[in-house]
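**Student:** Provided below for reference: sequence and predicted model.
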Amino acid sequence: MRIRRFFRFFMYFIAAFLLLWIVVMQSGIIKMRTSDSDWVKKLQQKGQFAQVQFADIPNGRGRNLHAVCIHQSDTLPWVLCVHGSPGSSDAYLDYLADTALTRKFNLITYDRAGFGFSGYGQAETSLQSQAADSKAVADFFAPGQAMILLGHSLGGPI
């Protein structure tokens, strides 16, 4: 009897937690995005003083993709970082703040369509369209250049 009561309480607790999580995520309380000025402040707090470039890149389907780039040299290889879901470009803030990485790579990250500052709340569901978005970002910063793709969570299959 006690085990059944405990199990019932535990299931109610889990259900309430999940419901609260859904409400919080859908209400926009957690926007998971960082403004350009906050990017600069956070990078500098972490010791990154390289110039940061911000861009709103048209994806060819009526949306702009908000991107962040640290470009040190045209001779360095390029890395395009694609965040997961939910998330935004600031998932890679620590990567762009890492001066050892930015001495060896030009780093780009962007808010996927529907996340961060790329039309928040209206996510693109097609992986093909999201792959085309990644290409648009890569072509904007480094047209014709080879690009290393780095993705986590849903950013991986893109």
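**Tutor:** Okay, I see it.

**Student:** where does the prediction get shaky in this protein?
**Tutor:** Low-confidence regions of the chain, defined by pLDDT under 70, span residues 1, 20-31.

**Student:** tell me where the protein has strands.
**Tutor:** In the chain, the strands defined using DSSP state E lie at 52-58, 64-70, 78-82, 106-110, 147-151.

**Student:** hey, which of the ones you listed is tucked in deepest?
**Tutor:** Most buried of the strands of the chain, by mean neighbour count (mean count of other Cβ atoms under 10 Å): strand 106-110, with a mean of 27. Where C-beta positions appear, they are placed from N, C-alpha and C, glycine not excepted.

**Student:** ok, residues contacting it?
**Tutor:** Residues outside strand 106-110 that contact it (Cβ atoms under 8 Å, 6 or more residues apart in numbering): 57, 65-73, 76-83, 89, 91-92, 95-96, 101, 118, 133-134, 137-138, 141-142.

**Student:** 7 Å - rerun?
**Tutor:** Here strand 106-110 makes contact (Cβ atoms under 7 Å, 6 or more residues apart in numbering) with 65-72, 76, 78-81, 83, 89, 92, 95-96, 101, 137, 141.

**Student:** rewinding a little: can I get the strands of the chain in JSON lines with distance to R33?
**Tutor:** Shown next, in JSON lines, are the strands of the chain (distance: least, Cβ to Cβ, whole Å):
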{"stretch": "strand 52-58", "distance to R33": "13"}
{"stretch": "strand 64-70", "distance to R33": "8"}
{"stretch": "strand 78-82", "distance to R33": "15"}
{"stretch": "strand 106-110", "distance to R33": "12"}
{"stretch": "strand 147-151", "distance to R33": "18"}
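
**Student:** closest to I14 out of the ones you listed?
**Tutor:** Closest of these to I14 is strand 147-151, at 30.1 Å (criterion: Cβ to Cβ).

**Student:** how close does the nearest residue to L76 once chain neighbours are set aside get to Q48?
**Tutor:** Take L76 and drop its neighbours on the chain: the residue closest to it by Cβ to Cβ, 6 or more residues apart in numbering is N106, 5.0 Å away. Look at N106 and Q48: by Cβ to Cβ, to the nearest Å, they are 14 Å apart.

**Student:** next one: L127
**Tutor:** Computed as Cβ to Cβ, the L127 to Q48 distance reads 31 Å.

**Student:** what about these two, which has more around it?
**Tutor:** A count of neighbours by other Cβ atoms under 10 Å puts Q48 above the other of L127 and Q48, at 20 against 11.

**Student:** pretty sure the more buried one contacts L101?
**Tutor:** No. If you go by Cβ atoms under 7 Å, Q48 and L101 don't touch, sitting 9.6 Å apart.
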